[in-house]
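Chemist: got a structure for you, letters missing:
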């Protein structure tokens, strides 16, 4: 038994090419030696003649192999370096970390003594160094910004051309390396636009990146990676800022709601006491004013309750007390709550469900709030004498509650935003109804998602239907008791 030897490379194409080159050298040597021996025996040549033929063929083979594999290596570098850079840099989310890592990798791949990654500021016409490799640790803190016109890099940025300098003397970034070092500036491209510059410096005797094919691929790979990292940083900061603003808004709403509830409670209590003690006719001015005060305070209390619910949902402070509950029972309770409002507009409420229908695992109080908000929305937008219907049905492992109205319908461009907090339909859309703060549907959506459900709307000229889907609750099967042996 024998074990095959593993290749001395894993996934590095350059090592594969070099390994293949060694194999071709050995093969060429054996083939040349075999041909020379055949010539010696076939043509009865002398040993001296055979040696001359061998060396001639060997030198020719070596030169051919070197030229061919030099070209193959250049092509491999041109294709492999950009891929390696893209793979290594793409997982890096931070812009500064991506700049630092790209400088280190470019120095390693191209054999440069020092590398600088700089960003273009178009409005200032200058380059800002963001990261360096092979330079002192404190260099980045004192490194100057380069003016595009004074540094001679205007063409690099404007036309995307590579600029080379025979010596680092006089260069504001690499002058400390010495006159034996050459400098090359490569534009960094993203979407056909120069967004930065890659500065390379190395000993002129060993470092001379004359082949532009690897440089062009590297400029695109690094440019795209850095541009993506920069946009990722911007989006992350914007998201953090939006989260801070949302937190501030929620805290503000909670504070305002708390401060308003105390005086409103006093006003409501006083108005109700006046209403109980008032002996004047209901049609009198005094009686109407007292009823108006009570109704206005009740409405303000409802709005404050909506504000508190929205703030707690935004802060994820709302806790659900889940328990199995009948979907039909909760729909019936919500219909009973909203029925007096429906009667004031002479609307018809149709219920198509079994009160003892399927069960769902929900917080009954919060789930009933969802249904009341949807029914209130249907009541507001359904004209007097219109029809509202409620349907509860099972579909596979879900329970779907549909609430339909005969209102003006919802324009297609508004269907994706009506669930946003404080959204109000525009004037002239047919759905602009005075009153309300645009929080009912937003609270319904947030509570539905908190229950792990879905909510959506379908609408046409004849009205709208809001659908609420939640997971159906299955009671655990009870195994029959086994009879004991007497």
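Modeler: Yes, it's here. Please read all numbers here as calculations on a predicted model, not as lab measurements.

Chemist: if you average pLDDT over the longest helix along the chain, what comes out?
Modeler: Of all segments of type helix in the chain, defined using DSSP state H, the longest is helix 212-277. The average pLDDT for helix 212-277 rounds to 79.

Chemist: Just checking the distance from it to the centre of its chain.
Modeler: Distance, stretch centre to chain centre, for helix 212-277: 17 Å (C-alpha atoms, centre = their mean, to the nearest Å).

Chemist: any idea which helix or strand comes after it?
Modeler: helix 285-314 (DSSP states H and E).

Chemist: If I take that following helix and helix 212-277, what angle do their directions form?
Modeler: Helix 285-314 and helix 212-277 are oriented at 150 degrees to each other (axes from the mean of the first three to the mean of the last three C-alpha atoms, to 10 degrees).

Chemist: if we look at the helix or strand following helix 285-314, which residues are touching it?
Modeler: Moving toward the C-terminus from helix 285-314, the next helix or strand (DSSP H and E) is strand 323-326. Here strand 323-326 makes contact (C-beta atoms under 8 Å, 6 or more residues apart in numbering) with 355-364, 367, 473, 475. The C-beta positions use only the backbone N, C-alpha and C, and glycine is treated the same way.

Chemist: Strands - which of these land there?
Modeler: 359-362 (DSSP state E).

Chemist: Let me have these in TSV, extended by neighbour count, pLDDT and distance to residue 82.
Modeler: Below are the ones in strands among the contacts of strand 323-326 laid out as TSV (neighbours: other C-beta atoms under 10 Å; pLDDT from 0 to 100; distance: C-beta to C-beta, whole Å):
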residue	neighbour count	pLDDT	distance to residue 82
359	18	91	59
360	24	93	54
361	17	93	53
362	28	93	54
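
Chemist: Quick one: those as a markdown table, columns for distance to residue 264 too.
Modeler: Output for the ones in strands among the contacts of strand 323-326, formatted as a markdown table (distance: C-beta to C-beta, whole Å):
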| residue | distance to residue 264 |
| --- | --- |
| 359 | 38 |
| 360 | 35 |
| 361 | 35 |
| 362 | 30 |
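
Chemist: out of those, which one sits closest to residue 401?
Modeler: residue 360 (9.4 Å; C-beta to C-beta).

Chemist: So what pairs up with that closest one in the strands?
Modeler: Judged by DSSP bridges, the bridge partners of residue 360 are residue 325, residue 472.

Chemist: by contact count, what packs against the one helix or strand residue 19 maps to?
Modeler: Using DSSP H and E, residue 19 sits in helix 13-43. Helix 13-43 makes packing contacts with helix 47-89 when contacts are defined by 3 or more C-beta pairs under 8 Å, 6 or more residues apart in numbering; DSSP states H and E.

Chemist: Going toward the C-terminus from the helix it packs on, what's the next helix or strand?
Modeler: In N-to-C order, the element after helix 47-89 by DSSP H and E is helix 95-110.

Chemist: So what's the residue count around the spatially closest residue to residue 88 that is not a sequence neighbour?
Modeler: In this structure, residue 88 finds its nearest non-sequential neighbour in residue 105, 6.1 Å apart by C-beta to C-beta, 6 or more residues apart in numbering. Residues lying near residue 105 (other C-beta atoms under 10 Å) number 20.

Chemist: Pull up the gap between residue 105 and residue 248, please.
Modeler: From residue 105 across to residue 248, the span is 41 Å (C-beta to C-beta, to the nearest Å).

Chemist: now do residue 160
Modeler: On the measure of C-beta to C-beta, residue 160 and residue 248 end up 45 Å apart.

Chemist: Neighbour count: these two, which is higher?
Modeler: Higher neighbour count among residue 160 and residue 248: residue 160, with 16 against 10, using other C-beta under 10 Å.

Chemist: List the residues that contact that one.
Modeler: So residue 160 contacts 187, 189, 194 (C-beta under 8 Å, 6+ apart).

Chemist: out of these, which are inside strands?
Modeler: Per DSSP E, these map to strands at 187, 189, 194.

Chemist: Can you get me a residue count around the first one?
Modeler: By other C-beta under 10 Å, 26 other residues sit near residue 187.

Chemist: is it in a bridge, and if so with what?
Modeler: With DSSP bridges as the rule, residue 187 is bridged to residue 197.

Chemist: May I ask you to confirm that it is in contact with residue 197?
Modeler: Yes: using C-beta atoms under 8 Å, residue 187 is in contact with residue 197, at 6.1 Å.

Chemist: Roughly how far does the closest residue to residue 233 other than its chain neighbours sit from residue 164?
Modeler: Leaving aside its sequence neighbours, residue 233 sits nearest to residue 95 (C-beta to C-beta, 6+ apart; 4.4 Å). Separation of residue 95 from residue 164 (C-beta to C-beta): 28 Å.

Chemist: quick one: which of the two has more around it?
Modeler: residue 95 (21 against 13).

Chemist: Give me the pLDDT value at that one.
Modeler: pLDDT, residue 95: 85.

Chemist: how near is it to residue 225?
Modeler: From residue 95 to residue 225 the distance is 10 Å (C-beta to C-beta).

Chemist: any idea how far residue 135 is from residue 115?
Modeler: Applying C-beta to C-beta to residue 135 and residue 115 gives a distance of 8 Å.

Chemist: same thing with residue 397?
Modeler: Distance of residue 397 to residue 115, given as C-beta to C-beta: 58 Å.

Chemist: neighbour-wise, which of these two wins?
Modeler: Neighbour count, other C-beta under 10 Å: between residue 397 and residue 115, residue 115 has more, with 26 against 9.

Chemist: Residue 107 is in contact with the more buried one, correct?
Modeler: Yes: using C-beta under 8 Å, residue 115 is in contact with residue 107, at 4.4 Å.

Chemist: Mutual contacts of those two, please.
Modeler: Joint contacts of residue 115 and residue 107 (C-beta under 8 Å, 6+ apart) are 133-134.
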